[in-house]
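K.L.:
Test case, fold it:
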Amino acid sequence: MNLPPIGLGTMGIDDPDTVATALDVGYRHLDTARIYDNEAVVGEGLAAGLAGGDLDREDVTVATKLWIDDLAADAVSPAARESADRLGVDRLDLLYVHRPRGEYDPDATLPALDRLVDEGLVRGVGVSNFEPSDLDRAVDALDAPIAAHQTELHPLFHRPELLEHAREHGYAVVAYSPLAGGRVREVDPVVEAAEAHDATPEAVAIAWATAKEPVVAIPKASSEAHLRANLAATGVELTDAEVAAIDAVEREEELFPE
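P.N.:
Residues are numbered from 1 along each chain as shown. Okay, here's the model as predicted:
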C-alpha cells in the first residue's frame, strides 16, 4: 500500500474541523481507532473535507483499528462494519489489529480480516504493536499481504529490527507518536538540526523518521499552524551526520509500553 509520508494521527481529536483543516492543507492519510471513540468525528471531518468537490474520496487513506475485544473471528466483521458506518465510508482503506492481545488468535482473527478484503469492505490489512514473532505468524496466516505495521517510533524510541522485518516483507511502517509527546524539543541533536534547517524540532523528528525506509509518520496536531508545520517536514532533508546524531540518542522513552 502506497501511503503518504505524513498522515494525521487523531487520538484525542474531538473536533471535525481539525480533520477538515488537515485535508484542506494537504493531508491524505487519516488514522483513528475504535478505542479512540472518535471515528464519527473523523468521518464528519472527512465528509466536510470532501464537500468542496476539490478532493475525491479515493485520494484519502482512511485507517482504523480493531480493539482487543473486537478480535474474535465472529466479532471482526460486525466491528469493522460499525467502524465504516461511523466513518461514513463504504470501504476501510486500512484496518489494523490494534494489539495482539485479548481475543486475538492469528489463526482465526486474520482469516476473518482476509474475508473482509475479499468482500471489498477492507482494502488493506494492518497490524499494530506487534513483536517480530507476531509479525512472522501474521505473514504466515494472512492470504493478503500485510499492508502496514503501526508502531511507536521517535528519536527517543525505535526498534530497528521492526524496520528490517518490514523491508524483508515489503510493507510500510507507520510511526505513531513521532514527536514523543513533545519531548523532541528536549533532544539536543533534534534542536540543533532544526536550527540548521530553519525548521521546528517536530518537523526534524518527522523528517528523521520518514528518512528510514519504509517509514511514514502520523503526528497528531490540532491547530492549522501545527498541521502545516508538521507537513513541512517533507521539505526537510537531513544530512547523514544529523541522522546519525539523532540515531545515537539513547532510546529509552517508550510512551506506550505494554
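
K.L.:
any low-confidence regions in the stretch 151-258 of the chain?
P.N.:
253, 258 (pLDDT under 70).

K.L.:
how about the helices in this protein?
P.N.:
Here the chain has its helices, by DSSP state H, at 16-25, 39-51, 73-87, 106-119, 132-141, 160-169, 188-197, 201-210, 224-231, 240-247.

K.L.:
Of the ones you listed, give the one that comes closest to residue 254.
P.N.:
Comparing the helices of the chain by their distance to residue 254 (CB to CB), the top pick is helix 160-169, with 12.8 Å. Yep, even glycine has a C-beta here, placed from its N, CA and C like the rest.

K.L.:
what's the angle from that closest one to helix 240-247?
P.N.:
Calculated by axes from the mean of the first three to the mean of the last three CA atoms, to 10 degrees, helix 160-169 forms an angle of 120 degrees with helix 240-247.

K.L.:
Let me know which of the helices of the chain is tucked in deepest.
P.N.:
The highest mean neighbour count among those, using mean count of other CB atoms under 10 Å, belongs to helix 201-210: a mean of 26.

K.L.:
Switch the helices of the chain over to TSV; also include distance to residue 150.
P.N.:
As requested, the helices of the chain are exported to TSV (distance: least, CB to CB, whole Å):
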stretch	distance to residue 150
helix 16-25	18
helix 39-51	16
helix 73-87	16
helix 106-119	15
helix 132-141	12
helix 160-169	10
helix 188-197	22
helix 201-210	13
helix 224-231	17
helix 240-247	21
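
K.L.:
For residue 5, give me its contacts.
P.N.:
210, 216, 217, 233, 234 (CB atoms under 8 Å, 6 or more residues apart in numbering).

K.L.:
just to revisit the earlier point, and of the helices of the chain, who's closest to residue 153?
P.N.:
helix 201-210 (5.7 Å).

K.L.:
residues making contact with the closest one?
P.N.:
5-6, 153-155, 158, 175, 178-180, 184-185, 187, 190-191, 193-194, 197, 199, 215-217, 219, 226, 229-230, 232-234, 236-238, 242-243, 246.

K.L.:
Same question for stretch 230-247.
P.N.:
Identification of contacts with stretch 230-247 by CB under 8 Å, 6+ apart yields 5-6, 25-27, 155, 187, 189-190, 192-193, 196-197, 199-200, 202-208, 210-211, 217, 219, 221.

K.L.:
With just CA atoms, put stretch 5-19 into CSV.
P.N.:
Below are the C-alpha coordinates for stretch 5-19, written out as CSV (Å, rounded to 0.1, in the frame of the first residue of the first chain):
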residue,chain,number,x,y,z
PRO,A,5,4.9,10.2,4.0
ILE,A,6,2.9,12.2,6.6
GLY,A,7,-0.6,11.5,7.8
LEU,A,8,-2.7,12.7,10.7
GLY,A,9,-2.9,10.8,13.9
THR,A,10,-6.2,11.6,15.5
MET,A,11,-6.1,10.1,19.0
GLY,A,12,-7.6,12.8,21.3
ILE,A,13,-9.0,14.9,18.4
ASP,A,14,-12.7,15.7,19.1
ASP,A,15,-13.4,18.4,16.6
PRO,A,16,-14.2,17.5,13.0
ASP,A,17,-12.9,20.9,11.9
THR,A,18,-9.4,19.8,12.7
VAL,A,19,-9.8,16.9,10.3
